[in-house]
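Engineer: curious how this folds, go ahead:
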Amino acid sequence: MHRQQQPSPLLHRSMIADATISGATGLMLMAGAGMLTTLLGVPESLMRYAGLILLPFAAMVFYWSNPARLSRPRVWTIIALNIAWVVASVLLLAAGWTEPTALGVAFVLFQAVVVAVFAELQYAGLKSLNATGG
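Structural biologist: Here you go, the predicted structure:
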């Protein structure tokens, strides 16, 4: 029998914030890619694709943030996806796949730091879930 867990406020809030910011960023990248490409120097298609990825991710994180659906494997999945996003962001800059402006470099690095902070907060919040809870 599965016992429902009560997550720590840290875990719940970090997941809600992750979902909210990911969703808002996804909408911004999809809707504003044409304008942002000039400012950031990142290809429009890449920004639209990133936005398209972020929207279902945000929905999943929000859905899983409900204490009735929260489990260790789901939180680990979110953490892993956040880490993958950070790695991809750094690789985007390090590999020279694009030629972003200085503002573009700052944007990519800033959002990578924010995502890394969410992963760290979610990892810290895992301590609130006991081993039998999922």
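Engineer: where does the protein have low pLDDT?
Structural biologist: Counting by pLDDT under 70, the chain contains low-confidence residues at 1-7, 129-134.
Engineer: 50 instead, please
Structural biologist: With pLDDT under 50 as the threshold, the chain has low-confidence stretches at 1-3, 131-132, 134.
Engineer: all helices for it, in order.
Structural biologist: Secondary structure of the chain, counting by DSSP state H: helices at 9-40, 44-64, 72-94, 102-125.
Engineer: please save the CA atoms from the last one in CSV.
Structural biologist: These are the backbone C-alpha positions of helix 102-125, laid out as CSV (Å, rounded to 0.1, in the frame of the first residue of the first chain):
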residue,chain,number,x,y,z
ALA,A,102,26.9,39.4,-24.7
LEU,A,103,23.3,39.6,-23.5
GLY,A,104,22.6,36.2,-25.0
VAL,A,105,25.5,34.7,-23.1
ALA,A,106,24.3,36.3,-19.9
PHE,A,107,20.7,35.0,-20.5
VAL,A,108,21.9,31.5,-21.1
LEU,A,109,24.1,31.5,-18.1
PHE,A,110,21.5,33.1,-15.8
GLN,A,111,18.8,30.7,-16.7
ALA,A,112,21.2,27.8,-16.2
VAL,A,113,22.1,29.0,-12.7
VAL,A,114,18.4,29.4,-11.9
VAL,A,115,17.7,25.8,-13.1
ALA,A,116,20.7,24.5,-11.1
VAL,A,117,19.3,26.2,-8.0
PHE,A,118,15.9,24.5,-8.5
ALA,A,119,17.7,21.2,-8.8
GLU,A,120,19.6,21.8,-5.6
LEU,A,121,16.5,22.9,-3.7
GLN,A,122,14.6,19.9,-4.9
TYR,A,123,17.4,17.6,-3.9
ALA,A,124,17.4,19.2,-0.4
GLY,A,125,13.7,18.7,-0.3
